[in-house]
Structures are given as structure tokens and as C-alpha cells.
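[1] Model the following, please.
(chains A and B)
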Amino acid sequence: MITSERLVEIVTEALERTCFLVSDPSDQEALVDRGHRLARSAAIRYSGPDSGDVHVLASDGFLQELASSMLGVEPEEIDLEVEGRDAIRELANILGGSVILELGGDNCEYRLGLPEETTPAEVAPGTACHLESAFGALKVVWSPQEAAEGKAA
Amino acid sequence: MTKVVKLAGISEDHIHEAGNGQEGLEVLETVWIDLVLLDLNMPVMDGEEMARRVHERGDLGHVSIVVVSTESNRERLDRMRRYGVEETLHKPFEPEDLCRLITKVLGVKP
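    Sure thing, here's the model as predicted:
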């Protein structure tokens, strides 16, 4: 079980270690109030003792900064349709790996699929966290299979 | 990955990228490579298949392979060691982690 607070820790650590991005916890209401539009999304599925998805949704500003940090180039050099899409998929990959490590520990029996682009509408219910940086906003949702099935029932 | 590799002290001229295992094998055919930083979950050909093929090639015995991946599955990582993978580095990681690993695997500082 991963709480929202733990998910925040996992995500902020990944952002800081991977691309030196500093972000702060926020909430859905604050993101909406400040006009952030989480238009881009990607997800990765995991399987093993149980299964689920990790969804990443980002605003264009956040994604631009993420991609520029990952590639070591200026934000203006980022084409969101190319590097931005690669970046959000890679972030889903990284966060998927962090989540299965959290779930499985050192003897992890989980496996990850390939990250894929999705639409915000495809996000299954689960544990969510919201973060803001100077450049935009991010939402990450961990959707274990039973949580998604519970909603469908 | 590119940025972290550069921050670890590797010159951009010495970095060759491949988008999947098949492209990686093609790079190995044409360029002398000392060290492969290998992701596992890739389209077309995954890292496990690439490592297996490199391991089977006697002419690529000089290539050191380090898995850099979000993979945590112990069984899979053990299998990679049988294919000659020397070390694994779990994402996310910091440039210092990569630096230490390069020094350890190649015996030289970046």
C-alpha cells in the first residue's frame, strides 16, 4: 500500500535525482486555481504478484522543463511533440520503477511494461499526488488493479 | 541519460546512443565501444536480448555492460549477470553513482 504522502516522496526524490527538478506538494484545487492544465500524460503498467498502472500527467511548462533537464539543453530548444513526449514516457518509466521497488522491496518480483502515451481521461482511480514547480504542475496516480476494478464494479 | 553521462565526465564525442537493442547492436558493429549502459525495457529488441547476443559474440568480448534500468526483478537481473552484465544501476540515480560505476567497471575515472 502506498499512501499519497509516500507517493509524493517517491516522485519528488525521482525528480530531484533524475533531473534536478525541485517541486512542492500541491492539490487538485490549487492546480486548477492557478490555471495549470495537465494536458500531457503517459502511463506504465506493472505486473507480478499483483498488477496496476502508474500514470503521469503534466502541464506543458513542467514537461518543457523536465525534458530540458533530462537532456541538458535550454528549455527553448525543447520540442514538446518530440522531446517532451519522450520525457513524459521516461518519467512514467522511472516512477513505475520506483513504485514497484516500493511494493516489492529488494526481492522485487514485479515487472514493468513499456511506457506509453495516454490521455488524461484514461487515468484509472487510485492514489494520487499533485506537485507544482516554478514551471508548471504534475500529477501522478498509482492505480493498483483492485482499485480500478472496485470503481468499475 | 545523456545529461547524466555528461555530468559524470564523459565527453559528448564519446557517447553513442541507440533507441533499442537492435540499434545498439548496429552501433557495436560499426564503432569501438568500451561500455554499454543498457536499459532493459525497450521496444523492438529489449536489453536482455541485446545482452544475450553480445555475450554470444566472441568479437564483442571487450565490451563491458552495465544495466541502467527501472527494473528491480531479482530473477531478471540475475539472468542478466549470466549474459555478462557486470553491474546494475537502478534509476533514478545521480551522476556520482554513474561515475563510481564507470571507474569500477573500466578501471579508469571518467
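[2] Near chain B, which residues of chain A? Just list them.
    Within chain A, the positions near chain B by CB under 8 Å from any CB of the partner chain are A:13-14, A:17-19, A:48, A:69-72, A:93-94, A:96-98, A:100-101, A:104, A:106-114. All C-beta spots, glycine's among them, are computed from the backbone N, C-alpha and C.
[3] Walking through chain A, point out its helices one by one.
    With DSSP state H, the ranges of helices along chain A come out as A:4-19, A:28-33, A:60-71, A:85-104, A:145-152.
[4] list the helices and strands the shortest one packs on?
    Here helix A:28-33 is seen to pack against strand A:127-132, strand A:137-144 when contacts are counted using 3 or more CB pairs under 8 Å, 6 or more residues apart in numbering or on different chains; DSSP states H and E.
[5] Could you list which residues are in contact with the most centrally placed residue in chain B?
    Among the residues of chain B, B:L37 comes closest to the average C-alpha position under CA atoms, centre = their mean, at 2.1 Å. Applying CB atoms under 8 Å, 6 or more residues apart in numbering or on different chains to B:L37 gives the contacts B:1, B:5, B:66, B:68, B:89, B:98.
[6] what sits against the last one?
    Spelled out, it's B:L98. Here B:L98 is in contact with B:4-5, B:8, B:37, B:68, B:89 (criterion: CB under 8 Å, 6+ apart).
[7] nearest to B:H14, of those?
    Distance to B:H14, by CB to CB, is smallest for B:V5 among those, at 9.1 Å.
[8] Please identify which helix or strand holds that closest one.
    Per DSSP states H and E: B:V5 is located in helix B:2-7.
[9] Tell me which helix or strand comes right after that helix.
    Sequence order places helix B:21-30 as the next helix or strand after helix B:2-7, per DSSP H and E.
[10] part of a helix, is B:A51?
    Yes - read with DSSP: H, G, I helix; E, B strand; the rest coil, B:A51 is one of the residues of a helix.
[11] From A:L31, how far out is it?
    Applying CB to CB, to the nearest Å, the value for B:A51 to A:L31 is 42 Å.
[12] which sections of the chain are below the confidence cut-off?
    Because you didn't say which chain, this covers chain A. For chain A, the stretches with pLDDT under 70 are A:147-153.
[13] Oops, wrong one, chain B.
    B:109-110.
[14] Chain A contacts on that one?
    Contact residues (CB under 8 Å from any CB) of chain B with chain A: B:2-4, B:6-7, B:41-43, B:69-76, B:90-94.
[15] how does it look with 10 Å?
    B:1-7, B:12, B:19, B:39-43, B:46, B:69-77, B:90-95, B:97 (CB under 10 Å from any CB of the partner chain).
[16] hmm, back to that, ok, B:A51 and A:L31, which is more surrounded?
    More crowded of B:A51 and A:L31, by other CB atoms under 10 Å in any protein chain shown: B:A51, with 25 against 21.
[17] Report the closest residue of chain A relative to chain B.
    Proximity of chain A to chain B (CB to the nearest CB) peaks at A:G97, 2.4 Å away.
[18] Give me the nearest residue to that residue, chain neighbours excluded.
    Nearest non-adjacent residue to A:G97, counting by CB to CB, 6 or more residues apart in numbering or on different chains: B:T70, 2.4 Å away.
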